[in-house]
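Visitor: no FASTA, just this:
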């Protein structure tokens, strides 16, 4: 080989090809098409991914595969956690593939882009995977409903529980994109409102394999709590390496601000035990969730559903119920208005409602991860610490800065959730 | 980061060296394969991941722990590498190296895809071996014993490999065979077998690094793809095929990354490529490479 520079360039070109694209074709017609836009191969593929597609299909099957005389079809695509890829797919789906509603989207930066596109095209976007509370805050849209959880709810549930138990000084490891920033901001408000203090933070690149440097910085801060404002593989690596650095045995505690059951499964209870986390769904909550989750696991390699996948199921089900009443899916804004007008009720989240800023409201649960000795087997991971009732679990619409809500303080940010 | 103290900086630099030892170990395998076979082995990351998974499988299915994995995983993956070399790579030696790049790239995607389907993306847990658990307080930082072990082992392996290739008779055969295979063959040395063994050793190094990485990083199908791009940058900066170059550059880039993590963390995943671009502009053959 004569020219190393040429090889180097070729290497880089080939590397960018790794991002191979998967798309499904769905011709437009007299039917309803649900597009599951998700991460199929990246760090969020386990908490959403193919499981989200299965969850959407379960909702469709439950409605008999047909609504108001129209057949319902589910298509899916990989957005690779890239806003440009996600936007292109969303536009293509709405413009030429006859997709009526996009669900899931487990990356906030992609979700914020898709929300705009759904508004421009007057279609519907039901976000379950994304976390940023901006989706029902200052970036809210009459075409978007934020379904399973959001950063405000996580901050409110986990943050308050930890500060209440004496964890009053914090240091953040935050993923360097919309979701990480949003989560850190939301938790900071909760911590400060509850009398705690934030000592510092590190913004790490998305999908960072090594956290040692950041953990040592966190260790040096002497904060009692190290808040992990990240998700998926990043959280797993951070917790695993924190154990290695003896962070917990030296007296500091980790707060996993967004930990999914798939993450706990990958960490193993030995490493994850004692973590305080919040979820809106846990498969082993009651008889109904156990029955539904078992059905889900049977068609998804025995894996139990995450709250994101449960959210996709719940959102698609409610969407189809609204269409059954409206008899049309054409006007996205009207569909969302109808969905907001109807109370929600399903096995995964129980009875709930949707706020005028597009925030689905249901209880949140604060869990502690079990020690290996307490677990009866695979997927038996959580014990309940506290239930946050639906009316307190999510931000009040008036505090959301959402322009759709009359009286919402514009751009004032969300007020910290004091006791209410 | 304002107000950083010298001891804190020392701690960060030490962490940089530790990360650098993974880069060195991986880029070493790549450098051997490129230097002696002229193959750009894009499957290296996938084989590194495979090493970690073999380690995990040994524990999970057979109850064989970390120390067994350190021996068995490189053997298994090395053997697989030799099969790949004999059945596929060998057919493309006569063509432009880009053909082998595409072949190994395809192999990487297939292996990664299969594991993704079987294991999902979050990966599997793998604990630190009993003997190497715990931390050592160095005064300026807390060093996990396991990380110290990783650094020492990879340094030893790197230097031993360099010694074998540059300073022993076997190494001289290898280097001669790349210069003029026909002549070396004429001396009665089985060159094709030697090339096959070299590829096997190169990928065995990747598998070894995979087992070393298993207790620290997630054992996940994507772990190779995440690392390999950086490692290629290391090889390019060090000079394609230069063995000492890849070792030194591996450790040096670990240090550069560590400094970035202290002073501007969001750039820590891109700084390596900025360095690569810079080096290519100034020294297109890499820091230790011979000019074409």
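Guide: Looks like it came in fine. Keep in mind that what you see is a predicted model, and the values were worked out from it rather than measured.

Visitor: Any residues of the stretch 1-150 of chain B in contact with chain A? List them.
Guide: B:1, B:8, B:11-12, B:15-16, B:18-19, B:38, B:40, B:42, B:97-98, B:101-102, B:105, B:109, B:116, B:120-125, B:127-128, B:134-135, B:141-142, B:144, B:146-147 (C-beta under 8 Å from any C-beta of the partner chain). Heads up, the C-betas are built off the backbone N, CA and C, glycines and all.

Visitor: Break chain A down into its domains, please.
Guide: A:31-149+A:285-358, A:152-279+A:364-391 (automatic domain parsing).

Visitor: out of the ones you listed, which comes closest to residue B:176?
Guide: Closest approach to residue B:176 among the domains of chain A (C-beta to C-beta): domain A:152-279+A:364-391, 38.6 Å.

Visitor: Show me how far that closest one is from its chain's centre.
Guide: 15 Å (C-alpha atoms, centre = their mean, to the nearest Å).

Visitor: quick one: residue A:200 and residue A:223 touch, right?
Guide: Yes. Residue A:200 lies in contact with residue A:223 (C-beta atoms under 8 Å); the separation is 7.4 Å.

Visitor: between those two, who's got more neighbours?
Guide: Taking neighbours as other C-beta atoms under 10 Å in any protein chain shown, residue A:200 and residue A:223 compare with residue A:223 leading, 23 against 14.

Visitor: which SS class is residue A:36?
Guide: Classification of residue A:36 by DSSP: H, G, I helix; E, B strand; the rest coil places it in strand.

Visitor: burial count for the residue nearest to it when sequence neighbours are not counted?
Guide: Nearest residue to residue A:36 in three dimensions, chain neighbours excluded: residue A:76, at 4.2 Å (C-beta to C-beta, 6 or more residues apart in numbering or on different chains). Each residue near residue A:76 was counted by other C-beta under 10 Å, and the total is 22.

Visitor: Doesn't residue A:76 lie inside a strand?
Guide: Yes. With three-state DSSP as the criterion, residue A:76 is assigned to a strand.

Visitor: among the residues of the stretch 1-150 of chain B next to chain A, which are in strands?
Guide: Those of the residues of the stretch 1-150 of chain B next to chain A mapping onto strands are B:135, B:142, B:144, per DSSP state E.

Visitor: Do I have it right that the last one meets residue A:243?
Guide: No. Residue B:144 is beyond contact range of residue A:243, at 9.2 Å (criterion: C-beta under 8 Å).

Visitor: Show residues contacting the helix or strand harbouring residue A:57.
Guide: Using DSSP states H and E, the element containing residue A:57 is helix A:49-62. With contact meaning C-beta atoms under 8 Å, 6 or more residues apart in numbering or on different chains, helix A:49-62 is reached by A:34, A:36, A:38-41, A:72, A:74, A:76, A:103-104, A:106, A:128-129, A:295-296, A:299-300, A:303, A:305-306, A:308-310, A:312-314, A:316-317, A:320, B:120-121.

Visitor: which sections of the stretch 301-420 of chain A are below the confidence cut-off?
Guide: The stretch 301-420 of chain A contains residues with pLDDT under 70 at A:407-420.

Visitor: what ranges do the strands span in it?
Guide: Using DSSP state E, counting those that start in this stretch, the strands of the stretch 301-420 of chain A run over A:344-346, A:350-354, A:360-361, A:364-369, A:382-388.

Visitor: May I see the ones you listed organised as TSV, with distance to residue A:266 added?
Guide: As requested, the strands of the stretch 301-420 of chain A are exported to TSV (distance: least, C-beta to C-beta, whole Å):
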stretch	distance to residue A:266
strand A:344-346	28
strand A:350-354	28
strand A:360-361	27
strand A:364-369	13
strand A:382-388	15
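
Visitor: of the domains of chain A, which approaches residue B:69 most closely?
Guide: domain A:152-279+A:364-391 (16.7 Å).

Visitor: Check the gap between the residue most central in space within chain A and chain B for me.
Guide: With distances taken as C-alpha atoms, centre = their mean, residue A:129 lies nearest the centre of chain A, 3.4 Å away. To chain B, residue A:129 is 14 Å away according to C-beta to the nearest C-beta, to the nearest Å.

Visitor: that older thread, what about the residue nearest to residue A:36, distance to residue A:41?
Guide: Using C-beta to C-beta, to the nearest Å, residue A:76 is found at 12 Å from residue A:41.

Visitor: Quickly list what's touching both of these two.
Guide: The contact lists of residue A:76 and residue A:41 share no entry, where a contact means C-beta under 8 Å, 6+ apart.

Visitor: What's the separation between the closest residue to residue B:137 other than its chain neighbours and residue A:207?
Guide: Nearest residue to residue B:137 in three dimensions, chain neighbours excluded: residue B:143, at 7.8 Å (C-beta to C-beta, 6+ apart). To residue A:207, residue B:143 is 25 Å away according to C-beta to C-beta.

Visitor: What ranges does the stretch 301-420 of chain A have for its helices?
Guide: Counting by DSSP state H, counting those that start in this stretch, one finds helices in the stretch 301-420 of chain A at the ranges A:307-326, A:332-341, A:390-393.

Visitor: Compile those into a markdown table and extend it with columns for distance to chain B and mean neighbour count.
Guide: Below are those laid out as a markdown table (distance: least, C-beta to the nearest C-beta, whole Å; neighbours: other C-beta atoms under 10 Å in any protein chain shown):
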| stretch | distance to chain B | mean neighbour count |
| --- | --- | --- |
| helix A:307-326 | 13 | 26 |
| helix A:332-341 | 31 | 19 |
| helix A:390-393 | 26 | 18 |
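
Visitor: that older thread, so the helix holding residue A:57 versus helix A:307-326, what angle?
Guide: 30 degrees (axes from the mean of the first three to the mean of the last three C-alpha atoms, to 10 degrees).

Visitor: can you list the residues that contact the following helix or strand past helix A:49-62?
Guide: Moving toward the C-terminus from helix A:49-62, the next helix or strand (DSSP H and E) is strand A:66-67. Contact with strand A:66-67 is made by A:32, A:72, A:320, A:323-324, as judged by C-beta under 8 Å, 6+ apart.

Visitor: rewinding a little: buried sites along the helix holding residue A:57?
Guide: A:49-60 (16 or more other C-beta atoms under 10 Å in any protein chain shown).

Visitor: Run the chain-centre distance for it.
Guide: 16 Å.

Visitor: Now do residue B:28 against residue A:209, distance only.
Guide: From residue B:28 to residue A:209 the distance is 19 Å (C-beta to C-beta).

Visitor: So for these two, which sits in the more crowded spot?
Guide: For residue B:28 versus residue A:209, neighbours defined as other C-beta under 10 Å are more numerous around residue B:28 (30 against 21).

Visitor: Could you confirm that one falls within a helix?
Guide: Yes. Counting by three-state DSSP, residue B:28 falls inside a helix.

Visitor: Let me see the contact set for it.
Guide: Counted by C-beta under 8 Å, 6+ apart, residue B:28 has contacts B:157-158, B:161, B:205, B:243, B:246-247, B:250.

Visitor: The same query, at a cut-off of 6 Å, please.
Guide: Remark: with contacts taken as C-beta atoms under 6 Å, 6 or more residues apart in numbering or on different chains, residue B:28 is in contact with B:158, B:161, B:246-247.

Visitor: again with residue A:167
Guide: A:224-225.

Visitor: how many neighbours does residue A:288 have?
Guide: 12.

Visitor: Any idea how many residues pack against residue 156?
Guide: Let's take chain A. Neighbours around residue A:156, by other C-beta under 10 Å: 26.

Visitor: not quite, I wanted chain B
Guide: Other residues close to residue B:156 by other C-beta under 10 Å number 10.

Visitor: How about residue B:187?
Guide: 10.

Visitor: mind listing the strands in chain B by residue range?
Guide: B:135-137, B:142-144.

Visitor: Alright, calling it a day.
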